[in-house]
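Novice: What follows is a predicted protein model with its sequence.
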Amino acid sequence: MPLTNRSTLTQFLIEERRRFPEASGDFNALILDVALACKAIARAVAFGELGGVMGNHAVEQGGSVNVQGETQKKLDVLSNDVFIRRTEWAGNLAGMASEEMDLPYQVPGQYPRGKYLLVFDPLDGSSNIDVNVSVGSIFSVLRGPDTGRDVLEADFLQPGLQQVAAGYALYGPTTMLVLTVGDGVNGFTLDPNFGEFMLTHPKMQIPKETQEFAINASNSRFWEAPVKRYVDECLAGKTGPRAKDFNMRWIASMVAEAHRILMRGGVFLYPRDTKDLSKPGRLRLLYEANPIGLIMEQAGGRASTGHQPMLEVQPTSLHQRIGLVFGSKSEVERIERYHAEPVKTEQDNPLFAERSLFRV
Ligand code: AHG
Ligand code: MN
Ligand code: MN
């Protein structure tokens with residue numbers, strides 16, 4: 001393998017840090033530990049059935065349903081453990097929270113405590129692992145109490161704008177780490193020869209124009225009017241109000257959809273719907289919507305609930321779910337406009353009018 005001029009993740013972080021001479025290095029150390037966790041998870045995912053890590057987490061090994069009421073996969077549990085073990089020891093963390101843990105995780109007594117909070121979805125899209133589709137890990141870094149005390153749920157309830165950093169790893173044909181430290185978005189590809197993340201996608205920007213949308217259309221009967229309107233207008237294609245044809249995609253791995261949208265534009269919707277009124281959306285605010293939201297905004301895109309910018313939402317609980325729309329800015333703004341307009345626009349929309357023919 002010839003020498004390359006590309007930066008490693010370590011070099012990138014050190015060079016970024018030079019802009020902040022007072023920085024302690026704790027943050028960089030934390031990100032490098034997270035990156036190592038992601039490399040370990042990438043290997044576990046890549047071994048698949050050979051590694052004996054496919055399938056559901058056995059009840060006799062500690063239960064198989066997480067706080068979300070979802071069946072945990074073996075790899076959900078393993079990935080959660082990897083995140084904890086790789087990051088808890090170093091003295092950078094005040095505490096952690098994860099999709100797979102009901103309560104905040106306290107750094108054990110034998111380790112020093114630090115000033116950051118790490119919030120993560122250790123394996124996103126895990127329903128896809130058994131069918132060999134891309135999955136990923138999502139993480140968010142917040143400031144913590146920095147007093148050495150145990151962390152409380154309230155410490156984590158910070159709006160997304162307060163994130164110090166956010167990122168995801170994607171375990172696809174190549175393993176990538178996409179990171180923002182609040183100064184744009186940079187993408188790194190894992191070089192399997194060196195075991196290093198190399199900067200391959202500097203200053204990522206979401207393309208402005210798009211003709212692709214992603215939504216689970218099987219929920220369409222539960223959608224609210226503004227979402228129905230948006231999707232109907234896309235489906236109407238060239239002869240509809242948008243005057244262009246759209247493509248639809250649904251991987252059911254949000255992290256893979258986010259990556260596609262970063263690379264070639266598009267919009268993703270998992271909106272609030274009426275399917276189960278106890279769940280105001282499918283995806284989780286603190287470890288899915290906020291980190292992906294910050295990445296989108298830092299790449300020139302936008303993230304929203306439909307009603308409000310995602311990053312301004314004041315969280316009310318650790319595992320709170322929320323309606324999520326993200327991607328190319330103009331599409332997200334259009335969807336926000338549809339939410340803001342009075343509902344009567346539904347009747348004005350020729351598509352709904354046409355459909356009403358069938359209702360009578
Ligand atoms: P997780 O695997 O962490 O529970 O998250 C799965 C999420 C997300 O990745 C994806 O977009 C969505 O669930 C899939 O939802 P559907 O089952 O409705 O397709
Ligand atoms: Mn997830
Ligand atoms: Mn998950």
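Specialist: Right, received. Where do you want to start? Predicted model only: the values in this text are computed from it and were never measured. Ligands and ions are numbered 1, 2, ... in the order given.
Novice: now the helices: where do they sit in the stretch 201-350 of the chain?
Specialist: For the stretch 201-350 of the chain, the helices defined by DSSP state H, counting those that start in this stretch occupy 225-235, 254-264, 290-298, 329-340, 345-348, 350-359.
Novice: For the longest one, list every residue counted as buried.
Specialist: Think helix 329-340. Judged by neighbour count using 16 or more other C-beta atoms under 10 Å, the buried positions of helix 329-340 are 329, 331-332, 334-336, 338-339. Bear in mind the C-beta positions are built from the backbone N, C-alpha and C, glycine included.
Novice: Buried by neighbour count: which residues of whichever helix in the chain runs longest qualify?
Specialist: Ranked by residue count and defined by DSSP state H, the top helix of the chain is helix 26-47. For helix 26-47, a neighbour-count test (16+ other C-beta under 10 Å) marks 27-35, 37-42, 44-45 as buried.
Novice: right, and the helix or strand after that helix?
Specialist: Sequence order places helix 74-87 as the next helix or strand after helix 26-47, per DSSP states H and E.
Novice: That following helix - contacts with which helices or strands?
Specialist: For helix 74-87, the elements it packs on are helix 26-47, strand 93-98, strand 116-124, strand 135-143, judged by 3 or more C-beta pairs under 8 Å, 6 or more residues apart in numbering; DSSP states H and E.
Novice: Out of those, flag the one nearest ligand 1.
Specialist: For the helices and strands packed on helix 74-87, proximity to ligand 1 was assessed by C-beta to the nearest ligand atom; strand 116-124 is nearest, at 4.2 Å.
Novice: The closest one vs ligand 1: in contact?
Specialist: Yes: counting by C-beta under 6 Å from any ligand atom, ligand 1 has neighbours in strand 116-124: 121, 124.
Novice: neighbouring strands for that strand, and are they parallel or not?
Specialist: Partners of strand 116-124 in the sheet, by DSSP bridges, are strand 93-98 (parallel), strand 135-143 (antiparallel).
Novice: Residue of the protein closest to ligand 2, please.
Specialist: Residue nearest to ligand 2 within the chain (C-beta to the ion): D124, separated by 3.5 Å.
Novice: Isn't M296 up against R302?
Specialist: Yes: using C-beta atoms under 8 Å as the test, M296 is close enough to R302 to be in contact (6.3 Å).
Novice: So between the two, which is more surrounded?
Specialist: Set M296 next to R302 and count neighbours by other C-beta atoms under 10 Å: M296 wins out with 29 against 24.
Novice: tell me the pLDDT at that one?
Specialist: Note on M296: pLDDT of 98.
Novice: coming back round to it: is it possible to get a markdown table of the strands paired with strand 116-124 that adds mean neighbour count, distance to Y230 and mean pLDDT?
Specialist: Shown next, in a markdown table, are the strands paired with strand 116-124 (neighbours: other C-beta atoms under 10 Å; distance: least, C-beta to C-beta, whole Å; pLDDT from 0 to 100):
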| stretch | mean neighbour count | distance to Y230 | mean pLDDT |
| --- | --- | --- | --- |
| strand 93-98 | 24 | 33 | 98 |
| strand 135-143 | 25 | 25 | 98 |
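Novice: Among those strands, single out whichever gets nearest to L9.
Specialist: When those are compared by C-beta to C-beta, strand 135-143 sits nearest L9, at 14.0 Å.
Novice: quick one on the thing from earlier: who wins for proximity to G167 among the helices of the stretch 201-350 of the chain?
Specialist: Across the helices of the stretch 201-350 of the chain, G167 has its closest neighbour in helix 290-298 (6.8 Å, C-beta to C-beta).
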